[in-house]
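>>> A structural model of the following input is requested.
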Amino acid sequence: MKKILLTVVLGVAVSAMAQTATPPAQGQAPVAPAQGQAAAAPAPAQSAAPVIKDPAEYNAYVAAVQTKDPAAEISGLEAFIAQYPNSVMKNQALEILMGAYQQANNPKKTMETATKLVTADTCNVRALALLAYFDRMMAQGGDPNAKQLLIDGKKYGQQGLDCMPKFTKPEGTSDADFQKTKDQMNAIFHAAIGMACLQDKDNACASQNLRVTVDANPTDFSVVYPLALAYLGMTPPDYQNGIWFAARAAATAPAQAQAGIEKYALSQYRKFHAGEDGWAELLAAAKANGAQVPIAPAPTPAEQAHKMVQETTPDKMDFAIWEFVLANGSQADQDAVWNAIKGKAVRMNGTIISTTPTEFMIAGSSDDIEAKKADITLKFEEKVPLKMIPKDGASFDFQGEPTSYTPSPFMIVMEKGVLLMKPAAPAAKKPPVHHKPAAQ
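Numbering: from 1, shown residues only. Here you go, the predicted model:
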């Protein structure tokens, strides 16, 4: 098993159980210690304390938990559990042993002991937290058994959340420390569930659970970046949250990964906002762990069309702009353009899509030329001689008078067609169409 540096801090740490565990009470009948055996100091009388009636069992337990040597503590507890598998102190011994292995940075033994403890005590939230944490971290660390680890981690995470209401404050623990412990465990459980949901492409579940963890641990890259992916993987994507946490991930990522994640975050920003303006400010706020910055969505096609009409008179627009406004603008903006060009002789360049002697189907904008899609129907009053009809795909200059149009699919009809010998204006590219994302 890959060695993992334990970074879980559980408030009232499991490694402190030897000091905070409720000591067992010895049976009432005095029993002399065996020859060569040191008598254990009696524990303080507590009405709720479990009672060990066998003095040998009692002495073995106390000797194990009172030793100052970590290795001796582990061996003593292992021996105690093996010798007294039905002891009333078994669960507490397992919990202390789990903490001892955690302190010794032995993840394999920590998990083995935690598994035994959860088997014996299904609502031991400390053990459940360690199992949920280890399973998630090993899966994210590239363990070949990652899929099963995430399934197990989700199971422990849900079990932990279900048991949290039963988790009581240990004696001697302050309210503040106990709340901190609960918050940390809650974040661990939600992270395990969230990562498993992300694996299953359940992005709603993943974002809901990972957000709890990220709110508690805003600089933890191992959950910040998955949260960004969960938001952006939703249908429709939650760009507001997804882009923000992608930027936060770039700020918290290992140095070698920062540039790539920042590039990805910027690409999502461009997709949603239709530009880079405001990106530098958002990234700076993310790097400073500041308040989330709202992102203005790209203007709708109708908003873009209105801006075009406001900024440029129809006689100064090229054909691609006419097409964009007539296809996407409000009725008022369409009317403003159409009334200015209807019945007026227009000279332009286009590409032949198909022809008949009296009608040419033409692509007039560069986008439609590239797509080999007609957007103009040019009609002639008389048949065009066969020798003068351009071949399909040929570029040519012409004149026509707009008489009607349909917005979708876009088609403008021009009559009184004329083939020109002098060059006309080249085809222009249509503005990009930005569709407003669905409300989140």
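
>>> please make it C-alpha for all contacts and neighbour counts, starting now.
Will do.

>>> let me see the contact set for the nearest residue to residue 368 once chain neighbours are set aside.
The shortest distance from residue 368 to any non-neighbouring residue, by C-alpha to C-alpha, 6 or more residues apart in numbering, is to residue 374 (6.7 Å). Contacts here follow C-alpha atoms under 8 Å, 6 or more residues apart in numbering; on that basis residue 374 touches 353, 361, 362, 363, 364, 368, 411.

>>> would you mind measuring from residue 374 to residue 320?
Using C-alpha to C-alpha, to the nearest Å, residue 374 is found at 13 Å from residue 320.

>>> list the residues that contact both of those two?
With C-alpha under 8 Å, 6+ apart, residue 374 and residue 320 have common neighbours residue 364.

>>> one step back: now the contacts of residue 374: which count as buried?
Neighbour-count burial (16 or more other C-alpha atoms under 10 Å) applied to these gives 353, 361, 362, 363, 364, 368, 411.

>>> who's in contact with the last one?
Shown in contact with residue 411 (C-alpha under 8 Å, 6+ apart): 374, 375, 376, 377, 405.

>>> give me the nearest residue to it, chain neighbours excluded.
Here the residue nearest residue 411, using C-alpha to C-alpha, 6+ apart, is residue 375, at 4.6 Å.

>>> my guess is that neighbour meets residue 362, correct?
Yes: between residue 375 and residue 362 there is a contact at 6.2 Å, judged by C-alpha atoms under 8 Å.

>>> what about residue 391, how many residues close to it?
A count of nearby residues for residue 391, using other C-alpha atoms under 10 Å, gives 14.

>>> what about the helices in the stretch 101-250 of the chain?
Using DSSP state H, counting those that start in this stretch, the helices of the stretch 101-250 of the chain run over 107-120, 125-140, 146-163, 175-199, 203-216, 221-232, 239-252.

>>> so for residue 2, what pLDDT did the model give?
Per-residue pLDDT puts residue 2 at 34.

>>> no wait, residue 31
So residue 31 comes in at 32 (pLDDT).

>>> going forward, count from 837.
Will do, 837 is the new start, and the previous item becomes residue 867.

>>> let's have the helices of the stretch 937-1086 of the chain in JSON lines, adding mean pLDDT.
Putting those into JSON lines (pLDDT from 0 to 100) gives the following:
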{"stretch": "helix 943-956", "mean pLDDT": "94"}
{"stretch": "helix 961-976", "mean pLDDT": "95"}
{"stretch": "helix 982-999", "mean pLDDT": "97"}
{"stretch": "helix 1011-1035", "mean pLDDT": "96"}
{"stretch": "helix 1039-1052", "mean pLDDT": "97"}
{"stretch": "helix 1057-1068", "mean pLDDT": "97"}
{"stretch": "helix 1075-1088", "mean pLDDT": "97"}
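
>>> among these, which is nearest residue 1116?
Comparison of the helices of the stretch 937-1086 of the chain against residue 1116 by C-alpha to C-alpha identifies helix 1075-1088 as nearest, at 10.4 Å.

>>> surely residue 1000 and residue 962 touch.
No: using C-alpha under 8 Å, residue 1000 is not in contact with residue 962; the gap is 10.1 Å.

>>> neighbour-wise, which of these two wins?
Shown here are residue 1000 and residue 962; by other C-alpha under 10 Å, residue 962 has more neighbours (24 against 16).

>>> name the element residue 1198 belongs to?
Here residue 1198, judged by DSSP states H and E, is contained in strand 1195-1199.

>>> just how off-centre is whatever helix or strand comes next after that strand within its chain?
Next helix or strand after strand 1195-1199 toward the C-terminus (DSSP H and E): helix 1202-1207. Here the centre of helix 1202-1207 is set off from its chain's centre by 37 Å, with C-alpha atoms, centre = their mean, to the nearest Å.
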